[in-house]
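Asks: Any chance you can model this:
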Amino acid sequence: VQLQASGGGLVLPGGSLRLSCVASRAIFSDFVDKNWAWYRQAPGNQRELVATVTNDGRINYIDSVKGRFTISRNGSRKTVYLQMNSLRPEDTGVYYCNAYRGANYVYNWGQGTLVTVSS
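Replies: Coordinates of the predicted model:
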């Protein structure tokens, strides 16, 4: 499985972006059986978990993005989405998706997509 994230870019504070992550070469049942997450890595920082969606639809966010970000997934497209609204400069970073099992990620990391929030 290859993870291909897209949708990043340069946006003004307060703006919005919608990120997509396709799990190419994944079969449908393998995709829907997995828990999925978005992560981000700001310059000079470690990668952090941002949002999760379990295989039965439970969703969680880190406190700093609650009310602003929305994670979703489409099994038929084998794609995980992250709608990001009211973006802040501290949201800047490279965003990645991956499946996870407990505290561990499942697949090799893709290239991620860069989000830059700046005026």
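Asks: is residue 117 in a bridge, and if so with what?
Replies: residue 11 (DSSP bridges).
Asks: correct me, but it touches residue 12?
Replies: Yes: between residue 117 and residue 12 there is a contact under C-beta atoms under 8 Å: 7.4 Å. Every residue, glycine included, has its C-beta placed from N, CA and C.
Asks: So between those two, which is more surrounded?
Replies: Per other C-beta atoms under 10 Å, whichever of residue 117 and residue 12 has more neighbours is residue 117, with 20 against 10.
Asks: That one and residue 37, how far apart?
Replies: 21 Å (C-beta to C-beta, to the nearest Å).
Asks: now could you export just the CA positions of stretch 25-35 as PDB?
Replies: Below are the C-alpha coordinates for stretch 25-35, written out as PDB (Å, rounded to 0.1, in the frame of the first residue of the first chain):
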ATOM      1  CA  ARG A  25      -3.100  -0.600  -4.100                       C
ATOM      2  CA  ALA A  26      -5.200  -1.200  -1.000                       C
ATOM      3  CA  ILE A  27      -8.100  -3.500  -1.400                       C
ATOM      4  CA  PHE A  28     -11.500  -2.300  -0.200                       C
ATOM      5  CA  SER A  29     -11.900  -4.600   2.800                       C
ATOM      6  CA  ASP A  30      -8.300  -3.900   3.900                       C
ATOM      7  CA  PHE A  31      -9.000  -0.200   3.900                       C
ATOM      8  CA  VAL A  32     -12.300  -0.300   5.700                       C
ATOM      9  CA  ASP A  33     -11.000  -2.700   8.400                       C
ATOM     10  CA  LYS A  34      -8.300  -0.300   9.400                       C
ATOM     11  CA  ASN A  35      -8.300   2.700  11.800                       C
END
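Asks: got the contact list for it?
Replies: For stretch 25-35, contacts defined as C-beta atoms under 8 Å, 6 or more residues apart in numbering pick out 1-2, 23, 52-55, 75-76, 78, 99-101, 106.
Asks: would you turn these into CSV with distance to residue 88 and pLDDT?
Replies: Shown next, in CSV, are the contacts of stretch 25-35 (distance: C-beta to C-beta, whole Å; pLDDT from 0 to 100):
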residue, distance to residue 88, pLDDT
1, 32, 87
2, 30, 92
23, 28, 94
52, 21, 97
53, 22, 97
54, 27, 96
55, 30, 93
75, 31, 91
76, 33, 92
78, 30, 95
99, 27, 96
100, 25, 95
101, 31, 92
106, 30, 90
